[in-house]
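Peer 1: Requesting a structural model of the entry that follows:
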Amino acid sequence: DALSGLVRRCIQPTMLIDETITEENRNKAREAVEPEMCVKGEVIVREGDIVTPAQYTMISSLGLLSENSFDVQLFAGVAMLVLLAMATMGFYLWRFHRRLLTSPKQMLLLCVIVVLTAAICTGLREIHVYLTPVTLGLLLVALLVDVRLALFVNTVLALLAGALISAGSTSYAVMLMTVACGPMIAVLFSRSMLRTTTLLAGLCIAVSNFFVTLAVGLFSSAEMQGVLVNALWAAGGGALSAVLCIGIQPLLEWLFNLATAAKLIELSNPNQPLLRRLLLEASGTYHHSIIVANLAEAGCTAIGANGLLARVGAYYHDIGKLKIPTELLNKPGKYTDEEFAQVRLHTQYGYELLKPLPLDAHIKLAALSHHERCDGTGYPNGLTTNDIDPYARVVAIADVYDAMTTARSYRAPLCAFQVIANFERDGLQKYDTKCVLAFLNRIAGTYQNHRILLSDGRSANIVMLNDKQLSRPIVQLDDGSCIDLSTAGDLHIQAVL
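Peer 2: Modelled structure (predicted):
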């Protein structure tokens, strides 16, 4: 303290501010400024000129500016762009995706995605124009609707975003970086649609945005530091698209009850409550469902349908057997008429179990209708072809195939080619023709070059399938001679060795 006091006494100020003189000097400088005068009829600023701060202040002081004015031309231009985009999208849907036009749920989902993307971009534009996640629409449409449609929607959103952003290299960069990543994302999602794929897509978009923005900045001769900053913001916008997509996707799946690949994979998890109960309470039925799922997925893939959806539908198709007494399910002999009538109720029980759950309708109908037959002889409702859910038709074929090739206490398992012969004999009337033919071709094809046992006791190798009679292929005996079983009378395949 003594040292501090000594220093204060030794240090003296060399310059003092005189407040009075300072204020007088300020007033003199203020009075020396000549006011800007505007003569009546004088042009303050011409159309097309850049408005300086002084000109803006003058216009504002004259009361010629209105902060709440409604720009009719701007509103009309934006409205025309939106209407043109909607008309273009409508024509594309009519030309290439007419099934979407007949699905109110899908159309509403598409509109929600576009509006949501536009709203988020508008809000984030206030932070930085390059942060706008325009590719959010691309990711959501690809995951929830259709990959090819996502490319078109992405192009439309890119053009709208570029048009509504201030002119110059910024709008070009936004349009280019949005369109550039489209094909790359389409390739990614055509192979896998897992949540991790979305993260990988976000990384790809971020890298693409960075280099596109950097390239546009370089050929527009912009200041290098500013270009790098913009490129980093653009990369952040790409990563933000993926993060937002991961957050929004489950919400839209829940709201619209969508059977996306990610949701279907979650439903196929053995730890799902119903599947776990099936495993613990009816293990035989559970393992049967696993085999049927593999067969149904292969059949659906062969006809170009959603194999993953068929697989999940097959997992749950016998879920109603949870309500059937275990001793009845495990009965070693044939059922009596009363017992069979009770077991048949598993289709309705399964539908009742699944009905309140947020599952795709195809999964619920697979449980209800997998014992229906196209000729009306099935149960529980005696439906015919057009009234049976398409995925239930596929599950029905896989269900019957596995039942016939599995051993029972009252009979041995049938050979695969015997089952194929049964389908060829009366299956084309009972089952969907397109599905059953594709299914049988896939099954028979797996036995190409396999060794088999003929009904006369000789063994042979399958060398060629007969497209018109898959149960009777051409076989080669051990002595090198070949037999066309389709012309060999009663000779047939007894077993696959």
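
Peer 1: so where's this protein shaky on pLDDT?
Peer 2: Applying pLDDT under 70 to the chain flags residues 1-16, 33-43, 47-49, 61-72, 74-75, 78, 165-169, 192-193, 221-222, 409-410.

Peer 1: longest single strand anywhere in it?
Peer 2: Using DSSP state E to define each element, the chain has its longest strand at strand 459-464.

Peer 1: And it, what's buried?
Peer 2: Neighbour counts using 16 or more other Cβ atoms under 10 Å place 460, 461, 462 of strand 459-464 among the buried residues. All C-beta spots, glycine's among them, are computed from the backbone N, C-alpha and C.

Peer 1: Tell me which strands that strand pairs with, and in which orientation.
Peer 2: Sheet pairing of strand 459-464 (DSSP bridges) gives strand 451-454 (antiparallel), strand 474-477 (antiparallel).

Peer 1: Quick one, which of those strands gets closest to residue 364.
Peer 2: Proximity to residue 364 (Cβ to Cβ) singles out strand 451-454 among the strands paired with strand 459-464, at 40.2 Å.

Peer 1: hmm, who's touching that closest one?
Peer 2: 417, 459-462, 475, 491-497 (Cβ atoms under 8 Å, 6 or more residues apart in numbering).

Peer 1: of those, closest to residue 423?
Peer 2: residue 417 (10.5 Å).

Peer 1: Can you name the residues that contact the closest residue to residue 227 other than its chain neighbours?
Peer 2: Excluding the flanking residues, the one nearest residue 227 by Cβ to Cβ, 6 or more residues apart in numbering is residue 217, at 3.2 Å. Residues in contact with residue 217, defined by Cβ under 8 Å, 6+ apart, are 169, 173, 224, 226, 227, 230, 231.

Peer 1: Please render the strands paired with strand 459-464 as JSON lines that adds distance to residue 431 to the earlier fields.
Peer 2: Formatted as JSON lines, those follow (distance: least, Cβ to Cβ, whole Å):
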{"stretch": "strand 451-454", "distance to residue 431": "25"}
{"stretch": "strand 474-477", "distance to residue 431": "26"}
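
Peer 1: on that earlier part again, distance of the residue nearest to residue 227 from residue 234?
Peer 2: For residue 217, the distance to residue 234 equals 10 Å [Cβ to Cβ, to the nearest Å].

Peer 1: returning to that earlier point: let me know which of the strands paired with strand 459-464 is the nearest to residue 45.
Peer 2: Closest approach to residue 45 among the strands paired with strand 459-464 (Cβ to Cβ): strand 474-477, 90.5 Å.

Peer 1: quick check, distance from stretch 283-294 to the centre of its chain.
Peer 2: Its chain's average C-alpha position is 27 Å from that of stretch 283-294, according to Cα atoms, centre = their mean, to the nearest Å.

Peer 1: residues in contact with it?
Peer 2: When contacts are defined by Cβ under 8 Å, 6+ apart, stretch 283-294 is touched by residues 268, 275, 278-279, 310-312, 314-318, 321, 329-330, 395, 398-399, 402-403, 406.

Peer 1: about what we covered before: now for the contacts of residue 217, which sits with the most neighbours around it?
Peer 2: Using other Cβ atoms under 10 Å as the neighbour criterion, residue 173 leads the contacts of residue 217 with 26 neighbours.

Peer 1: Quick check: what element follows the helix ranked longest in the chain along the chain?
Peer 2: Ranked by residue count under DSSP state H, the longest helix found in the chain is helix 224-256. Next in sequence after helix 224-256, counting helices and strands by DSSP states H and E, comes helix 261-267.

Peer 1: residues in contact with that next one?
Peer 2: Contact with helix 261-267 is made by 143, 192-195, 249, 253, 272, 308-309, 311-312, 315-316, 359, 363, as judged by Cβ under 8 Å, 6+ apart.

Peer 1: again, only using 10 Å
Peer 2: Residues external to helix 261-267 that are found in contact with it (Cβ atoms under 10 Å, 6 or more residues apart in numbering): 143-144, 189, 192-198, 246, 249-250, 253-254, 257-260, 272, 274-275, 306, 308-313, 315-316, 357-360, 363.

Peer 1: what's the answer for stretch 341-355, then?
Peer 2: Looking at what lies outside stretch 341-355 - Cβ under 10 Å, 6+ apart - the contacts are 274, 277, 285, 316-325, 328-329, 331, 335-336, 360-361, 363-372, 378-381, 392.

Peer 1: Next, the distance between the ends of that stretch.
Peer 2: By Cα to Cα, to the nearest Å, the extent of stretch 341-355 from end to end equals 22 Å.

Peer 1: list the buried ones in it?
Peer 2: Neighbour counts using 16+ other Cβ under 10 Å place 343, 345, 346, 347, 348, 349, 350, 351, 353, 354 of stretch 341-355 among the buried residues.

Peer 1: As JSON lines, these with secondary structure and distance to residue 96 would be great.
Peer 2: Supplementary listing: the buried residues of stretch 341-355 in JSON lines, determined by DSSP: H, G, I helix; E, B strand; the rest coil; distance: Cβ to Cβ, whole Å:
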{"residue": "343", "secondary structure": "helix", "distance to residue 96": "46"}
{"residue": "345", "secondary structure": "coil", "distance to residue 96": "44"}
{"residue": "346", "secondary structure": "helix", "distance to residue 96": "41"}
{"residue": "347", "secondary structure": "helix", "distance to residue 96": "37"}
{"residue": "348", "secondary structure": "helix", "distance to residue 96": "40"}
{"residue": "349", "secondary structure": "helix", "distance to residue 96": "42"}
{"residue": "350", "secondary structure": "helix", "distance to residue 96": "37"}
{"residue": "351", "secondary structure": "helix", "distance to residue 96": "35"}
{"residue": "353", "secondary structure": "helix", "distance to residue 96": "38"}
{"residue": "354", "secondary structure": "helix", "distance to residue 96": "33"}
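
Peer 1: thinking again about what came up before, list only buried entries from the contacts of helix 261-267.
Peer 2: Applying 16+ other Cβ under 10 Å to the contacts of helix 261-267, the neighbour count classes 143-144, 189, 193, 195, 197-198, 246, 249, 253, 258-260, 274-275, 306, 308-313, 315-316, 359-360, 363 as buried.

Peer 1: re earlier: are we agreed that the residue nearest to residue 227 is in a helix?
Peer 2: Yes: secondary structure of residue 217 (DSSP: H, G, I helix; E, B strand; the rest coil): part of a helix.

Peer 1: wait, residue 456 sits on residue 494?
Peer 2: Yes: distance between residue 456 and residue 494: 8.6 Å, which falls inside the contact criterion (Cβ atoms under 10 Å).

Peer 1: Of the two, give the one with the bigger neighbour count.
Peer 2: For the pair residue 456 and residue 494, the greater number of neighbours falls to residue 494 (17 against 10), based on other Cβ under 10 Å.

Peer 1: just to revisit the earlier point, can you list residues touching both of residue 217 and residue 234?
Peer 2: Contact with both residue 217 and residue 234 is made by residues residue 173, according to Cβ under 10 Å, 6+ apart.

Peer 1: taking the contacts of stretch 341-355 one by one, which sit in strands?
Peer 2: Cross-referencing these against strands under DSSP E gives no overlap.

Peer 1: Count the neighbours of residue 76 for me.
Peer 2: 10.

Peer 1: Tell me how far stretch 326-338 lies from the chain's centre.
Peer 2: Taking Cα atoms, centre = their mean, the mean C-alpha location of stretch 326-338 is offset from the chain mean by 43 Å.

Peer 1: got a list of contacts for it?
Peer 2: For stretch 326-338, the external contacting residues (Cβ under 10 Å, 6+ apart) are 281-285, 318, 321-322, 325, 339-344, 346, 408-411.
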